[in-house]
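*Asks:* Got a predicted structure here, sequence first:
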Amino acid sequence: MTGPLSHIRVLDLSRIMAGPWAGQILADLGADVIKVERPGVGDDTREWGPPFLTDEDGKRIGDSGYFLAVNRGKRSVTIDLSSTAGQSAVRALAARSDILLENFKAGTLERFGLGHRDLQLIKPDLIYCSITGFGQTGPRRDQAAYDFMIQAMGGLMSVTGERDDAPGGGPQKVGVPIVDMLTGMYAVVGVLAALARRAETGAGEYIDLAMLDVQVGFLANQAMNYLLSGREPRRAGNKHPNIQPQDVFRCRDGHLALAVGNDGQFRRFAQVIGQPQLADDANYATNDQRVRNLSALHTIIAEELSRHDLAHWLAELGRQGVPSAPINTVSAVLDDEQVKHRELVRQIPHSVAGVVPQIAGPLRLAGATLTYDRPPPLLGEHTDEVLAEIGISSPRL
């Protein structure tokens, strides 16, 4: 069966990460996603390397890994949005689209006659999603933003990393552009909600999505901890602020990520490490007390776990249903039997490289098999094809 969004067309005017991530998710679900790029230059991330796609001799023959990670399933069209002809082409494409994604600075597309109100006149049921750093309103609306700076100013880095007085202490960003990715996911949620509403009312929608809003929203328990207590959340390394014991512990030959989530799991954990009395100790019997008395508890656990190898603890904890895991490298993750079974690494035919590797999306739908048969496009690869669909033959725009 075709993807659940195979009847939907998306006009993707976005670049970098948040918008393209949204576009790729929609493409994975079967939508026809048309990516509009600057002639001769394209999306900035095409050059965000190394590494780049190379041939067997290591010669570059394609785009950066960054671009290849977020643009599969799309058709690339090169159009100069500053030209009258280019603007007319975008209007024609919008008239045939269900969803438009864009992440220009606030007001930019309005200057080109391509803002929401402009396109609503020619496509009243268009779902128009604007992604910016700070939204369409407020004192920062005109400022540019990148994931790193939003992680910093949005509070995430204040609670990520070791405390200042610990080895390696200081604020840290998350190892992937998490704000961009979550903003892209919220964009997908928003446009799908708007599609559902449109099916009932026939009306389009305008979505104003800001990266800072997303970051503040997913401060989640850390923000609520502050609102309830008035105490500033602090960096605590890998220690969970609300649930214990959850931390990284050194074993004899490596590190173990321990994620005890409730009192029953703690009782089984205490038995595994040879300290069953801990589960009945008033200082540790409940999660509330374990959090309050974490320093002493952490010392006991660290001493016990240091006595055996990682494999020993993984096996013993696994048998007792106590959540724990090794800290895998990326290569180890991709070589994991579960990851292989779920076919998360795919090879897609590519017009230049032969094949290009991809990490498949996580969605599994019983009634619709998602396919990955369209690789990240070359710059302008589909310009003639797409423009012909709207009656434009030449010249390129």
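*Replies:* Great, that's in hand. Numbers count the residues shown, from 1 in each chain.
*Asks:* Now do the same contact list for the nearest residue to Ala85 once chain neighbours are set aside.
*Replies:* The shortest distance from Ala85 to any non-neighbouring residue, by C-beta to C-beta, 6 or more residues apart in numbering, is to Leu397 (5.2 Å). All C-beta atoms are positioned from the backbone trio N, CA, C, and that covers glycine. With contacts defined as C-beta atoms under 8 Å, 6 or more residues apart in numbering, the neighbours of Leu397 are Pro39, Thr78, Ile79, Asp80, Ser83, Ala85, Gly86, Ala89, Leu387.
*Asks:* please redo it, this time with the cut-off set to 10 Å
*Replies:* 36, 39, 77-81, 83-90, 383, 387 (C-beta atoms under 10 Å, 6 or more residues apart in numbering).
*Asks:* Buried only: go through those for me.
*Replies:* Burial by neighbour count, judged by 16 or more other C-beta atoms under 10 Å, picks out 36, 39, 77-81, 86-87, 89-90, 383, 387 from these.
*Asks:* got those as a markdown table, with pLDDT, secondary structure and distance to Val339 columns?
*Replies:* Below are the buried ones among the contacts of Leu397 laid out as a markdown table (pLDDT from 0 to 100; DSSP: H, G, I helix; E, B strand; the rest coil; distance: C-beta to C-beta, whole Å):
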| residue | pLDDT | secondary structure | distance to Val339 |
| --- | --- | --- | --- |
| Val36 | 98 | strand | 34 |
| Pro39 | 96 | coil | 39 |
| Val77 | 97 | strand | 34 |
| Thr78 | 97 | strand | 36 |
| Ile79 | 96 | coil | 39 |
| Asp80 | 96 | coil | 42 |
| Leu81 | 96 | coil | 40 |
| Gly86 | 96 | helix | 43 |
| Gln87 | 96 | helix | 45 |
| Ala89 | 96 | helix | 42 |
| Val90 | 97 | helix | 40 |
| Thr383 | 96 | helix | 37 |
| Leu387 | 95 | helix | 40 |
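*Asks:* Pull up the per-residue confidence for Gly19.
*Replies:* Per-residue pLDDT puts Gly19 at 98.
*Asks:* neighbours around it, how many?
*Replies:* Gly19 is flanked by 27 other residues according to other C-beta atoms under 10 Å.
*Asks:* My guess is it contacts Leu13. True?
*Replies:* Yes. Using C-beta atoms under 10 Å, Gly19 is in contact with Leu13, at 7.7 Å.
*Asks:* between the two, what contacts are shared?
*Replies:* Here Gly19 and Leu13 share the contacting residues Lys35, Leu101, Glu102, Asn103, Phe104, Ser130, scored by C-beta under 10 Å, 6+ apart.
*Asks:* For Tyr206, state which of these is nearest.
*Replies:* Taking C-beta to C-beta as the measure, Tyr206 sits nearest to Ser130 out of the shared contacts of Gly19 and Leu13, at 7.4 Å.
*Asks:* end to end, how far does stretch 54-68 reach?
*Replies:* End-to-end distance for stretch 54-68: 12 Å, by C-alpha to C-alpha, to the nearest Å.
*Asks:* So which bits of that stretch are buried?
*Replies:* For stretch 54-68, a neighbour-count test (16+ other C-beta under 10 Å) marks Gly62, Asp63, Ser64, Tyr66, Phe67, Leu68 as buried.
*Asks:* my guess is the first one is in a strand, correct?
*Replies:* By that I understand Gly62. Yes. With DSSP: H, G, I helix; E, B strand; the rest coil as the criterion, Gly62 is located in a strand.
*Asks:* which ones are touching Arg163?
*Replies:* For Arg163, counting by C-beta under 10 Å, 6+ apart, the contacting residues are Gly169, Gly170, Arg234, Arg235, Ala236, Gly237, Lys239.
*Asks:* what kind of secondary structure is it in?
*Replies:* coil.
*Asks:* Looking at the record's assignment, how would you partition this protein?
*Replies:* 9-217+342-389, 246-334 (automatic domain parsing).
*Asks:* With distance to Gly230 as added columns, please give those in CSV.
*Replies:* Formatted as CSV, these follow (distance: least, C-beta to C-beta, whole Å):
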stretch, distance to Gly230
domain 9-217+342-389, 16
domain 246-334, 17
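*Asks:* buried residues in the helix or strand that contains Ile348?
*Replies:* Secondary structure from DSSP states H and E places Ile348 in strand 345-350. For strand 345-350, the buried set under the neighbour-count rule, 16+ other C-beta under 10 Å, comprises Arg346, Ile348, His350.
*Asks:* Which of these lies at the shortest distance from Phe52?
*Replies:* Nearest to Phe52 among the buried residues of strand 345-350 is His350, at 13.0 Å by C-beta to C-beta.
*Asks:* Report whether the expected contact of the closest one with Asp373 is present.
*Replies:* No. The criterion here is C-beta under 10 Å, and His350 misses it with Asp373 at 11.1 Å.
*Asks:* got any residues that touch both of the two?
*Replies:* Residues touching both His350 and Asp373 do not exist when contact is defined as C-beta under 10 Å, 6+ apart.
*Asks:* before we move on, back to that, which pLDDT value belongs to the residue nearest to Ala85?
*Replies:* On pLDDT, Leu397 comes in at 70.
*Asks:* How about Ala152?
*Replies:* The model's pLDDT for Ala152 equals 98.
*Asks:* coming back round to it: between the shared contacts of Gly19 and Leu13, which is nearest Glu304?
*Replies:* Asn103 (50.2 Å).
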